[in-house]
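Novice: take this sequence and fold it.
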Amino acid sequence: MKQLRHLIALIFCLLLPAAFAASQKPVRVEAVVDWPNNKIYLNAVLDVTGARLGTSNAELRRELRNELLKKLSQVADKLIQNLVDGESAADQLAGTDLAEYWASLKVSTYQLAENRASATLDIPLRGKGSLLAYLPLAYNTETLNEKSKSDVTLYDQRPGIAEYDSSDLEPLLYTGLIIDARHLPFEPTLDAGIYTSSGRQIYGAAYLTRTTAVRRGVAGFVSDETVADARRRAGKRPLKVSALDAARFKGNALVISDEDAARLTAHAGSRENLRRARVVVLVGSDKLRSRY
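Specialist: Prediction:
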């Protein structure tokens, strides 16, 4: 009988850690990329049960932060894969060492209540300390030159429907650009490239200084051009066009007509406003917030 009691006690001791481990549920982490607010919101929750009982706040906070950073890394990989130049740029950026950036991040909030610990992490997409600030995009490597001869021809073929100030010979100064892509499978991206239907690129991070791109973002994304953010970004007199295609470069770049591009680039002031990142892309409301 005594030996039986010892055997039962031994079995209990062996099974107890396994029972604790089984009761220890994995950390639940969710992430949302909020394009209108230019933020990545991450939330992590864990149940303080089983082997976690008696764990200090510092250890719980550290575990939550590690899981938040794992999720953030996955989201960053997805965003990098959706950059304007498709596979080539993604491959080039895939080796980007973000360890220093990850190390600098701290949880935004932490709470422990009723055997449940939670933490959040809010990451800006643009601005100081943002993800965009740490990505080595090819900023300021291209220049949108004055209109070419082909642009002049296209511009001269324009329909005369209130496109000019006082003279048919004077191009209109546009304060920005609004592209409607709501009818296309376009997804918001950190580097919204714009191409003409003949294949010429006229906009993207390469046309902006690093300071401008990081501070303002390459483009703004909204579902309605009348919202305040769109008006502030594109100005009072933007050129409004409909995108022709989003299939090029895996759907993360937009194509507009050569005629619209000619109208946009005909005035030096319009070209300068592009350099100020005064570009807004209209997308479906379901694409403004991406869940991971």
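
Novice: any idea which helix or strand comes after the helix or strand of the chain with the lowest mean pLDDT?
Specialist: Ranked by mean pLDDT, DSSP states H and E, the weakest helix or strand in the chain is helix 149-156, scoring a mean of 46. Using DSSP states H and E, the helix or strand that follows helix 149-156 in sequence is strand 177-180.

Novice: centre of the chain to that following strand, how far?
Specialist: 18 Å (CA atoms, centre = their mean, to the nearest Å).

Novice: show residues contacting that strand.
Specialist: Strand 177-180 is contacted from outside by 194, 203, 225, 230, 234, 238-243, 254, 256, 264, 273-274, 278-282, using CB atoms under 8 Å, 6 or more residues apart in numbering. Heads up, the C-betas are built off the backbone N, CA and C, glycines and all.

Novice: low-scoring stretches of this protein, by residue?
Specialist: 1-24, 84-95, 144-169, 247-251 (pLDDT under 70).

Novice: and with 80 instead?
Specialist: Scanning the chain for pLDDT under 80 picks out 1-25, 83-97, 142-170, 247-252.

Novice: ranges for the strands of it?
Specialist: 28-34, 39-47, 109-113, 116-124, 177-180, 193-196, 201-203, 220-222, 239-242, 253-256, 279-282, 289-291 (DSSP state E).

Novice: now restrict the contacts of strand 177-180 to buried residues only.
Specialist: Neighbour counting by 16 or more other CB atoms under 10 Å classes 194, 203, 230, 234, 238-239, 241, 243, 254, 256, 264, 273-274, 278-282 among those as buried.

Novice: residues contacting T209?
Specialist: Y139, N140, R275.

Novice: ranking by neighbours, what's the top pick from those?
Specialist: In terms of neighbour count, Y139 stands highest of the contacts of T209 at 20 neighbours, by other CB atoms under 10 Å.

Novice: mind giving me the domain ranges of this protein?
Specialist: 2-134, 149-291 (automatic domain parsing).

Novice: burial-wise, tell me which of those domains comes out on top.
Specialist: Highest mean neighbour count of the domains of the chain: domain 149-291, a mean of 18 (counted as mean count of other CB atoms under 10 Å).

Novice: which one is L98 nearest to, not counting chain neighbours?
Specialist: Excluding the flanking residues, the one nearest L98 by CB to CB, 6 or more residues apart in numbering is Y134, at 6.0 Å.

Novice: distance of the one you found from N66?
Specialist: Noted for Y134: a distance of 19 Å to N66, by CB to CB, to the nearest Å.

Novice: A192 too?
Specialist: For A192, the distance to N66 equals 33 Å [CB to CB].

Novice: repeat for L53
Specialist: The value you get for L53 to N66, if CB to CB is used, is 20 Å.

Novice: what does E59 give?
Specialist: Taking CB to CB, one finds E59 at 11 Å from N66.

Novice: okay, and the common contacts of those two?
Specialist: By CB under 8 Å, 6+ apart, no residue touches both E59 and N66.
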